[in-house]
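> The sequence and its predicted three-dimensional model are supplied below.
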Amino acid sequence: MSATAATLSHVYPLGSRVNEHGRLEIGGCDAVELVREFGSPAYLVAEDDLRARARTFADAVGARHADYDVLFASKAFPCTAVYRLLAEEGLACDVASGGELFLALRGGFDPARIYFHGNAKSAAELRDALAAGVGHIVIDSLDELELLERIAASEGGRRQEVLIRVTPGVAGDTHHAISTGQTDSKFGFSPPDARAAIERLAGAEHLDLVGLHFHIGSQLLELEPFRAAVRTIASLGDFPVYNVGGGLGVAYTASIQPPAVLDYVDAIVSTVHEELGADKRLLLEPGRALVANSAVTLYTVQTVKRNVSTWVAVDGGMSDNLRPMLYGSRYEAVVADRAIADANVRCHLAGKHCESGDVIVRDVWLADPAPGDVIATPVTGAYGYSLANNYNGVPRPPVIFCRSGDARVVVRRESYEDLAARDVG
Ligand SMILES: Cc1ncc(COP(=O)(O)O)c(C=O)c1O
């Protein structure tokens with residue numbers, strides 16, 4: 001069970017290693033030193049890893065299809081520095097709220113390459129999207145279609161390109177909370193309703209229907225559901241643009257072997273070519289597969305309690321990583337101070353919050369965990385920062401970019417004053 005330099009599992013960011021002191025190193029930075037300098041908990045992002053994943057995606061699609069764009073599904077890690085880095089890497093961006101739109105613009109994305117999603121967009125959000133000049137607004141319902149048409153008419157009559165989100169009736173094998181493509185989803189139009197919306201848009205004065213979108217779910221480890229979804233939307237007509245969403249799963253633990261990005265892109269592109277043709281504009285929206293494995297969370301052990309089980313309690317938990325509690329997600333963990341040592345104690349890695357369910361990893365093996373040790377949990381780059389909260393008045397962690405041994409804080413730790421910053425009385 002021990003993690004050694006030779007066996008540090010493939011879930012860690014590229015370039016991670018156990019250094020000559022036997023400690024975990026991320027982006028050339030010693031994890032234990034980082035906690036001494038910046039405190040814990042902390043999200044560490046290996047900058048080179050993130051850049052490499054962005055390039056892998058763009059190169060994979062670019063080698064197989066002429067007219068394409070890769071969109072960062074920014075709900076996975078909506079942090080200005082991450083937007084900025086992925087904009088620098090030439091990606092486009094998808095947003096699912098006015099707040100994400102604000103951050104994407106702040107991060108430097110060209111508005112024309114920002115694509116706006118959401119199943120309950122408000123009038124204010126739609127106005128903001130039009131004013132910003134986003135590329136597509138992805139229409140999710142008839143109510144939204146009518147609202148957007150009225151707003152576009154009242155805002156000077158500029159024509160806005162739109163896509164229709166189709167719920168193809170395809171359910172991948174994933175947690176029900178992140179499955180979205182099944183029949184009777186809260187998202188999008190069923191195929192018959194999509195046909196009606198397509199007809200309705202044929203006569204729209206201010207909206208240009210340029211294509212279709214689907215996103216069938218997240219953390220999908222099989223490729224057939226993506227192919228099935230493409231086949232379903234192919235029956236809805238011929239459009240210049242197809243956005244096939246995100247959803248590719250990642251390895252949270254060493255035993256998970258997700259499809260390689262190249263195989264995923266192959267499956268999508270070959271099915272698009274067979275069903276829709278090679279001349280379409282193809283948009284892909286990876287979130288998790290871009291950012292999850294690029295980050296690691298560091299905690300400090302506060303107590304070790306020997307009960308029926310051994311409980312190792314750290315200084316974070318469900319306020320910085322809600323996924324184990326929401327979806328039963330499984331993580332690895334290692335004592336960063338002794339990353340090479342034998343992981344000889346079976347325990348539960350518990351958070352500091354006032355709920356029994358606040359357990360980050362159950363039944364994990366750690367090397368002689370003791371108060372003061374630094375614990376690392378890898379694969380926290382997706383939906384960790386974005387789902388973070390202040391339960392129990394716990395300030396949210398900083399985000400630290402690590403590269404070639406240099407660490408720079410891109411989001412500072414929240415302070416107690418921040419917790420009261422919105423109070424007006
Ligand atoms: C419309 C849309 N596109 C893309 C994504 C990204 O999914 P993932 O992070 O699984 O790649 C999501 C996630 O919820 C989504 O709702």
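Received the coordinates, thanks.
> The stretch 51-200 of the chain: strands as residue ranges?
Assigned by DSSP state E, counting those that start in this stretch, the stretch 51-200 of the chain shows strands spanning 68-73, 92-95, 114-116, 136-139, 160-165.
> so can I have TSV of those showing distance to Val411, mean pLDDT and mean neighbour count?
Where C-beta positions appear, they are placed from N, C-alpha and C, glycine not excepted. Output for the strands of the stretch 51-200 of the chain, formatted as TSV (distance: least, CB to CB, whole Å; pLDDT from 0 to 100; neighbours: other CB atoms under 10 Å):
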stretch	distance to Val411	mean pLDDT	mean neighbour count
strand 68-73	17	98	25
strand 92-95	18	98	28
strand 114-116	21	98	26
strand 136-139	28	98	26
strand 160-165	31	98	24
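> now for these, which one comes closest to Pro371?
Ranking the strands of the stretch 51-200 of the chain by proximity to Pro371 (CB to CB) places strand 68-73 first, at 38.8 Å.
> is it possible to export the strands of the stretch 51-200 of the chain to TSV including distance to Val301?
Converted to TSV, these look like this (distance: least, CB to CB, whole Å):
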stretch	distance to Val301
strand 68-73	34
strand 92-95	38
strand 114-116	42
strand 136-139	44
strand 160-165	45
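> With distance to the ligand as extra columns, can I get the ones you listed in a markdown table?
A markdown table is the format used below for those (distance: least, CB to the nearest ligand atom, whole Å):
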| stretch | distance to the ligand |
| --- | --- |
| strand 68-73 | 3 |
| strand 92-95 | 6 |
| strand 114-116 | 9 |
| strand 136-139 | 7 |
| strand 160-165 | 7 |
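> who wins for proximity to Val345 among these?
Using CB to CB, the nearest of the strands of the stretch 51-200 of the chain to Val345 is strand 68-73, at 37.8 Å.
> ok, residues contacting that closest one?
Identification of contacts with strand 68-73 by CB atoms under 8 Å, 6 or more residues apart in numbering yields 54, 57-58, 61-62, 82-83, 86, 91-94, 113, 115, 243, 246, 281-288, 290.
> now that strand, how far from the centre of its chain.
13 Å (CA atoms, centre = their mean, to the nearest Å).
> before we move on, what about stretch 165-184?
Averaging C-alpha positions (CA atoms, centre = their mean) puts stretch 165-184 17 Å from its chain's average.
> Correct me if wrong: Asp315 contacts Thr303.
No - counting by CB atoms under 8 Å, Asp315 does not reach Thr303; the two are 10.3 Å apart.
> Those two - which one has more neighbours?
Asp315 (19 against 12; other CB atoms under 10 Å).
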